[in-house]
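Student: The following block contains a protein sequence and its predicted model.
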Amino acid sequence: MERETVVGKPPVVATPLKIGKKIGRAFFYAILIALALFQILPLVWLLFFSLKNNQEVFNTPLLSLPSPPRWENYVKVWVEGNIGQYFFNSVWITTVSVILTVLLASFATFAITRMNWKWKHVVLGLFMIGLMIPVHSTLIPLFSFFMKVKLIDHPLSIVLTNIGFNLPITIMILLGFYQSLPRELEESAVIDGCSVHRMFFRIILPMTAPVIVTTTIINMIYNWNEFVFVNTFISSDEFKTLTVGIQNFIGQYTTDWGAIGATLMISVLPILIVFFFLSDKIMEGITAGAIKG
Amino acid sequence: MNKMMSDKKVIALYVLPPLLLMMILVYIPIIMTGYYSLMKWDGIGEMQFIALDNYKQLFQDNMFWKSTYHSFLLAFFSVLSLAGYLAVALVLAGKVKGANLLRKIYLIPMLLSSVAIAQLWLRIYHPSNGMLNHFLMSLGIDDPPNWLADPNIVLYAIFVPIIWQYAGFYILIYYAALRNIPSSIIEAAIIDGANPWQMAYKIKLPLISGVIKVTIVLAVVGSLKYFDLIYVMTGGGPNGASEVIASYMYQKAFRSFNFGYGSTIAFSLLLICIVMTWLIRKLTNSKEEIQY
C-alpha cells in the first residue's frame, strides 16, 4: 500500500514515523496470515484425521501428525464406498456438460455478435435474464417434466440442466472476446471462399481459445460440485456423482471418523490437484465470470 | 459478404439449440412455477385450482417469514463481510510479499463441493470431538456449546462456513479490480501527497465502485437463494431454527410432497431475488460512472 520513494524527500532513518509504519505493516501481515490460517486449518485437520482411527482422533492433539498414518482408511472407503463409480460419473457428466455448454454458447455468441439479424438483441437479452433466475424456482416443474419424459434417475437430466443453467454465464464471458475480434477476419475468409460453418470452425473457434479455457474452467467447477439437481433427480447409486454419492456413503459411517475423512479427502483432492497446476488460469476464470456477471 | 452473414438458416441453426434449451429448462419452468403456485397439488394426483389460497396461507405461515428473515440475515452478514474482504484486498494489492500465495490459499474453500464443506464443518462443530470444542476444552472451557443443536446459535454457526466458503472469491475479485487501476492515477495521487487512507478512500474505492456494486448484488442474491450447506448440515433444524427460503421450499415440495405450496414459496423466492437486484442497482446507482 505504501510507496517508500516520495519525490524530493531525503531518506530518513528510524524516525517515529518509520517505526509506526513498520508496526502497521506487521499488523497487516498478521491479519493476512490469520485469515490464511482460518481458510486452510479445517482442511489440514481433515487431512490429519483421515489418517487416524477413532481413538487417535479423539485422544491426540488436534493438529498432531498421525503415527503411523493409517492409509488403510483410504483403501477401505475406495473398496467399500462405490467411490470409483461416483468418481467416474462425475468425470463424464462434467466433461460432456462442459463441452456441450461451451460449444452451444460459442454458436450463439457467434450468431449474436458477428451475424446480422433483427432480433439479436432480444435473443441476447433472453440469455442474460437467465443469470438472475434462482435454480430453486425451477426445481418443481423440472422434476415433473423429467418425470413425464422418463428422465428421472437418468444422467441426461443432469447434463441438460447443467447446460441450461450455465449457458448464460458462458455466453456473457464469451461476448466481450467475440466483440473484440476484427471484422476483417470474416471478410478475408469470405473472399477466400469460406462458408459460414467453415469460418466458424476453422477461424473463429480456434481464435477464441483463450476465452474458451476460461469458460471451461468456470463450467468445470460448477458442474463438478453441482448438488441440488443430482440430489433431486437421481436416486440410484449407479448414476450418482461424487458430490451426492459421498453424502449418502458418509450417512452410513457416522461414527468412523477416519473413513469419513478419507472419503472427503478423495472427493476434494482432484479439484485441489487441478488447482495446484492451473491456479492462475482458474483465478482468471473466476474473476472473469464474476466481474462480468 | 453481407448476404452470407445474414443467412437465416445458419442463424437459426446456431441460435435455436441453446435458446430452446433455455426455454425448456429455465423459462417455461419459471412460468410453470407461477402456474403451480395457484394449485393444490401433491405432485402425482390431480391438480386443483385454488387461485391465491396458497399465497394467503403463505402470508400467515410463520415458518415462511422466519425462513425469509434468516435468509435476509445471511444476506446482511454477507454484505457486512464484504467490507472486510475489501480491506484485505486493499492490503493485499499493495506491496505485500507472498500476495500471490495468500490469495491462492484464500480461494481454496471456494473450489470444494458444498457437501464436502458441510461434512467437514459438521465435524468441526461436533459437540465433544470436533475441532472447535476440542480447542475450547483445551483452553479450560468445560462446557462448550453444542453449536448445531442449540436453536439460539445454530444459524450463526452455519453462517460461518458459508462466509468461509466465499471469502477468497470476493477477495480475489476486489484484488483483480484494484490491480486494474492504472498506475498513472496512483502515482499522480502520491505526488499530490495523498496518504494511504486518502488513497484508499478517495481514489481506489471510487474507481472500483462498479465492481463493488456487482459484488453486493452477488452477495445478496446468492444469500437469498442459499441452500446446499444448510440442507446438508442441519436440514433447517433444529425445529426450523436454521431454515432459509430455499430449504423450506425443498422441504415442502420434496419431503411433504406439497408441490403447490412449494411452488408458491419458489415463486416468491424468484420475486424476492428480482426485487432485491433491482433495488440494489437503484440504490447504488451513482449519477456518473467513473471512467479511466
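Tutor: Sure thing, it's come through.

Student: quick one: the strands in chain B?
Tutor: B:39-40, B:48-49 (DSSP state E).

Student: For chain A, find the nearest of those.
Tutor: The closest of the strands of chain B to chain A is strand B:39-40. By Cβ to the nearest Cβ, the value is 10.8 Å. Just so you know, the C-beta spots here come from the backbone N, C-alpha and C atoms, and that holds for glycine as well.

Student: Report all helices and strands that that closest one contacts.
Tutor: Applying 3 or more Cβ pairs under 8 Å, 6 or more residues apart in numbering or on different chains; DSSP states H and E, we find strand B:39-40 packed against strand B:48-49, helix B:53-60, helix B:259-283.

Student: Please work out which of those is packed deepest.
Tutor: helix B:259-283 (a mean of 20; mean count of other Cβ atoms under 10 Å in any protein chain shown).

Student: now for that one, which elements pack on it?
Tutor: So helix B:259-283, by 3+ Cβ pairs under 8 Å, 6+ apart, packs with helix A:139-148, helix B:28-36, strand B:39-40, helix B:53-60, helix B:62-93, helix B:209-224, helix B:245-250.

Student: Among these, which comes closest to B:Cys273?
Tutor: helix B:209-224 (5.2 Å; Cβ to Cβ).

Student: chain center to that closest one: distance?
Tutor: From the chain centre to the centre of helix B:209-224 is a distance of 8 Å (Cα atoms, centre = their mean, to the nearest Å).

Student: Not counting sequence-adjacent ones, nearest residue to A:Phe200?
Tutor: A:Phe110 (5.7 Å; Cβ to Cβ, 6 or more residues apart in numbering or on different chains).

Student: so what's A:Leu124 up against?
Tutor: Counting by Cβ atoms under 8 Å, 6 or more residues apart in numbering or on different chains, A:Leu124 touches A:112, A:171, A:175.

Student: repeat that for 7 Å
Tutor: The neighbourhood of A:Leu124, defined by Cβ atoms under 7 Å, 6 or more residues apart in numbering or on different chains, consists of A:Ile112.

Student: counting contacts, what elements does the host helix or strand of A:Tyr86 pack onto?
Tutor: Assignment of secondary structure by DSSP states H and E places A:Tyr86 within helix A:83-114. In terms of contacts (3 or more Cβ pairs under 7 Å, 6 or more residues apart in numbering or on different chains; DSSP states H and E), helix A:83-114 is packed against helix A:120-129, helix A:155-179, helix A:209-224, helix A:242-252, helix B:8-22.

Student: Neighbours of B:Ser114, how many?
Tutor: By the criterion of other Cβ atoms under 10 Å in any protein chain shown, B:Ser114 has 24 neighbours.

Student: Please disregard the earlier target; I meant A:Val159.
Tutor: 21.

Student: Touching, it and A:Trp92? I think so.
Tutor: No. Judged on Cβ atoms under 7 Å, A:Val159 makes no contact with A:Trp92 at a distance of 9.3 Å.

Student: Make a markdown table out of the helices and strands packed on strand B:39-40 and add mean pLDDT.
Tutor: Formatted as a markdown table, the helices and strands packed on strand B:39-40 follow (pLDDT from 0 to 100):
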| stretch | mean pLDDT |
| --- | --- |
| strand B:48-49 | 85 |
| helix B:53-60 | 91 |
| helix B:259-283 | 92 |
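
Student: The ones you listed into CSV, with extra columns for distance to B:Lys213?
Tutor: What follows is these, written out as CSV (distance: least, Cβ to Cβ, whole Å):
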stretch, distance to B:Lys213
strand B:48-49, 42
helix B:53-60, 31
helix B:259-283, 7
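
Student: Tell me the residue of the stretch 151-293 of chain A that sits nearest chain B?
Tutor: Closest point on the stretch 151-293 of chain A to chain B, by Cβ to the nearest Cβ, is A:Gly164, at 3.2 Å.

Student: which ones are touching the residue nearest to that residue when sequence neighbours are not counted?
Tutor: Spatial nearest neighbour of A:Gly164, chain neighbours left out: B:Leu25 (3.2 Å); criterion: Cβ to Cβ, 6+ apart. By Cβ under 7 Å, 6+ apart, B:Leu25 lies in contact with A:142, A:160-161, A:164.

Student: so can I have a markdown table of the residues you listed showing distance to B:Tyr35 and pLDDT?
Tutor: Output for the contacts of B:Leu25, formatted as a markdown table (distance: Cβ to Cβ, whole Å; pLDDT from 0 to 100):
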| residue | distance to B:Tyr35 | pLDDT |
| --- | --- | --- |
| A:Leu142 | 14 | 94 |
| A:Leu160 | 21 | 96 |
| A:Thr161 | 20 | 95 |
| A:Gly164 | 19 | 94 |
